[in-house]
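Engineer: build me a structure from this.
(one chain, ligands or ions: 1)
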Amino acid sequence: MTILDGKKYSEELIQEYKERLAKYPEEIGFAIIWVGNNSASEIYVSSKLKKCKEVGITPYLYHLDEDTEEKEILKLIDKLNKDPKIKGILLQSPTPKQIDILKCFNAISEEKDVDGFAKGSLGNLVQNIPYHVSCTPRGIIKLLKHYNIDLVGKNVCIINSTIIVGKPLFHLFIGEGATVTMCHSKTKNLDFHTKNADIVVSAVGNPGFITGDMIKDGAIAIDVGISRVDGKVVGDVDKESVYEKASYVAPVPGGVGPMTIAMIFENILDTLEKER
Ligand code: GUN
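Structural biologist: The predicted model follows:
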């Protein structure tokens, strides 16, 4: 079994992005809006801030109270859309109940939507127009390609149907010539689908959810779950049983997570290149 080492590869990419970003003389600002105190978001946000500094991007964190109203967020997004030093805006998901997150995602201007969740970005993806693609799906495909894994004709099972992971990833895999089954919380006989898959992508957030008996010999397991158990970050994959059967595993931590962050910078570079 080979580990798909997203940590190592993302570090190489960060060096490359740092050099490309250094060619822009202006300040490159990146706004992160984080509402409330979700513990998984805390992990993501702190890593994003750290990597921004490493790559030469100025992060602007707007950490807002749990009870912030939607109109305040829309006002902030409007201000950031108009601010020329801000090249990318990210609203961390999930947001508290009073906020219609899709309305907020859709308020982010297309060129600053480096998360790729607004209607326009998702429409571009479906129409195969290259621009901002959501970072986790983009990072997964980039990691598989880095290891020269051929995706043509592969059976892929994605367990997640959100716009953050499942839906954009579905389109990326289809674009690569794979056959994709998208599963979710109401899927019956999940094992039937996972056992048929050459590649299983799990973004459930349930520690140990994917066990060795759910996958076929030689399958590729991509872990996108993030949970905390006894203070440790753990994924969906039950390492003990899955590592015995899989050919490749993108683990948690150190697999897809660091790739997601690197892809933000790739999306910001796309904005800068388009601006020129
Ligand atoms: N929550 C989990 N992953 C992501 C992501 O890639 N972007 C945003 N905005 N929120 C997330």
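Engineer: for the stretch 51-200 of the chain, just list every one of the helices.
Structural biologist: Using DSSP state H, counting those that start in this stretch, the helices found in the stretch 51-200 of the chain span residues 70-82, 101-107, 119-126, 135-146, 166-175, 190-195.
Engineer: now those helices as JSON lines including distance to the ligand?
Structural biologist: Backbone N, C-alpha and C define where each C-beta goes, glycine included. Output for these, formatted as JSON lines (distance: least, Cβ to the nearest ligand atom, whole Å):
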{"stretch": "helix 70-82", "distance to the ligand": "13"}
{"stretch": "helix 101-107", "distance to the ligand": "8"}
{"stretch": "helix 119-126", "distance to the ligand": "12"}
{"stretch": "helix 135-146", "distance to the ligand": "5"}
{"stretch": "helix 166-175", "distance to the ligand": "10"}
{"stretch": "helix 190-195", "distance to the ligand": "22"}
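Engineer: which strand or helix spans residue 18?
Structural biologist: Taking DSSP states H and E as the criterion, residue 18 maps to helix 6-21.
Engineer: what angle separates that helix from helix 135-146?
Structural biologist: For helix 6-21 against helix 135-146, the angle by axes from the mean of the first three to the mean of the last three Cα atoms, to 10 degrees is 100 degrees.
Engineer: now helix 6-21: average pLDDT?
Structural biologist: Averaging pLDDT along helix 6-21 yields 97.
Engineer: give the next helix or strand downstream of that helix.
Structural biologist: Next element after helix 6-21 (DSSP H and E): strand 29-35.
Engineer: show me what that next one is packed up against.
Structural biologist: Of the remaining helices and strands, those touching strand 29-35 by 3 or more Cβ pairs under 8 Å, 6 or more residues apart in numbering; DSSP states H and E are helix 39-55, strand 58-64, helix 70-82, strand 86-91.
Engineer: what's the closest of those to residue 140?
Structural biologist: Smallest distance to residue 140 across the helices and strands packed on strand 29-35 (Cβ to Cβ): 15.8 Å, for helix 39-55.
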